[in-house]
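# I would like to see how this sequence folds:
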Amino acid sequence: MITVYESKETNFKHNGLGVLRPSSCLIYEELNGEYSLTLKHPIDNYEKWKLLEQDRIIKANGQLFRIYKLTHSVMENEVEVFAMHIFYDLSKNFIRDINIVDKTGKQALDHILDNTLYENDFTCDSDITKINSARLVRKNVTSILIGDDENSFLKYWGGELKRDNFNFQINTVIGKNKGMKISYGKNLTGLTATFDMSNIATRIIPIAFDG
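Model (predicted):
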């Protein structure tokens with residue numbers, strides 16, 4: 001079930017503004033990177049599509065996503081919605097200047113969330129025992145946590161990010177190795193494979209400077 005809520009909703013245990021009936025809904029998650037949702041909803045007679053407005057929150061697969069972009073297509077008679085995981089609300093918050101000294105991963109994350117410019121509803125955890133220090137100045141919280149520059153949590157402490165609505169963890173490794181093996185042609189059914197030998201070299205002919 002996919003539901004939509006007002007932008008300032010805090011209780012997500014009910015159906016919110018209503019249950020959506022999208023024609024498609026795709027969730028994309030990249031390790032330590034993008035976590036987004038793309039949804040297409042027909043312009044229906046029940047006017048469910050009118051519930052989709054910028055900044056409102058969609059709940060899909062148990063996770064919350066905030067709408068940041070809408071596209072109305074008259075030709076296709078549908079609305080396309082682009083949303084980011086609620087974790088990215090931290091991008092709207094800010095750290096002025098903090099100095100993290102000799103702390104574990106969990107202690108560093110607590111320090112960061114306790115010193116945001118605006119109060120936040122997020123909780124965090126980490127199993128990283130590595131001790132490190134960092135000076136963080138004038139950055140939004142998301143870039144501090146998973147930014148790709150040298151001044152981020154991932155660069156100082158490392159780890160892998162797991163997001164679960166308003167809670168997140170940065171652990172040494174997320175998930176477990178359960179010995180599962182996926183093999184093409186055996187138990188994998190959703191793969192498109194392309195085999196291309198056009199750039200393979202089987203001979204090398206050396207040429208000296210004089211030809």
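# Please count neighbours and contacts with C-alpha atoms only from this point.
Fine.
# Give me the residue at the spatial middle of the protein.
The centre of the chain sits closest to residue 35, judged by C-alpha atoms, centre = their mean, with a distance of 2.2 Å.
# Compute the distance between the nearest residue to it once chain neighbours are set aside and residue 199, please.
Of all residues not flanking residue 35 in the chain, residue 29 sits nearest, at 4.3 Å (C-alpha to C-alpha, 6 or more residues apart in numbering). Using C-alpha to C-alpha, to the nearest Å, residue 29 is found at 32 Å from residue 199.
# So for these two, which sits in the more crowded spot?
Counted by other C-alpha atoms under 10 Å, residue 29 and residue 199 do not tie: residue 29 has more neighbours, with 12 against 6.
# For the more buried one, grab phi and psi.
phi -130, psi 130 (degrees, to the nearest 10).
# tell me the pLDDT at it?
In this prediction, residue 29 carries a pLDDT score of 97.
# And residue 184, by the same measure?
pLDDT, read off for residue 184, is 68.
# Could I get the full set of strands for the chain?
Under the criterion DSSP state E, strands of the chain are mapped to 3-5, 18-19, 24-29, 35-42, 57-60, 63-73, 78-85, 94-103, 123-125, 132-140, 160-164, 167-171.
# For the longest helix along the chain, list every residue counted as buried.
Using DSSP state H, we find that the single longest helix of the chain is helix 105-114. For helix 105-114, a neighbour-count test (16 or more other C-alpha atoms under 10 Å) marks 105, 106, 107, 108, 109, 112, 113 as buried.
# For that helix, give me every contacting residue.
Identification of contacts with helix 105-114 by C-alpha atoms under 8 Å, 6 or more residues apart in numbering yields 95, 98, 100, 120, 122-131, 141, 157, 170.
# Please convert the buried members of those residues into ChimeraX selection syntax.
To isolate the buried members of the contacts of helix 105-114 in ChimeraX, using 16+ other C-alpha under 10 Å:
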select :95,100,124,125,126,128,141,157,170
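# Below-threshold pLDDT in the protein: ranges please.
Scanning the chain for pLDDT under 70 picks out 184, 193, 195, 197, 202.
# then stretch 157-173 to PDB, C-alphas only?
Only the C-alpha atoms of stretch 157-173 are listed here, as PDB (Å, rounded to 0.1, in the frame of the first residue of the first chain):
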ATOM      1  CA  TRP A 157      35.300   6.900  10.300                       C
ATOM      2  CA  GLY A 158      34.300   4.900   7.200                       C
ATOM      3  CA  GLY A 159      31.300   2.600   7.200                       C
ATOM      4  CA  GLU A 160      28.100   1.800   5.300                       C
ATOM      5  CA  LEU A 161      24.800   3.700   5.700                       C
ATOM      6  CA  LYS A 162      21.500   2.100   6.400                       C
ATOM      7  CA  ARG A 163      18.400   4.300   6.400                       C
ATOM      8  CA  ASP A 164      15.100   3.500   8.100                       C
ATOM      9  CA  ASN A 165      12.800   6.600   8.000                       C
ATOM     10  CA  PHE A 166      14.000   8.900  10.900                       C
ATOM     11  CA  ASN A 167      16.600   6.500  12.100                       C
ATOM     12  CA  PHE A 168      19.900   5.800  10.400                       C
ATOM     13  CA  GLN A 169      22.900   3.700  11.100                       C
ATOM     14  CA  ILE A 170      26.500   3.900   9.800                       C
ATOM     15  CA  ASN A 171      28.000   0.500  10.600                       C
ATOM     16  CA  THR A 172      31.300  -1.100   9.600                       C
ATOM     17  CA  VAL A 173      29.200  -3.300   7.200                       C
END
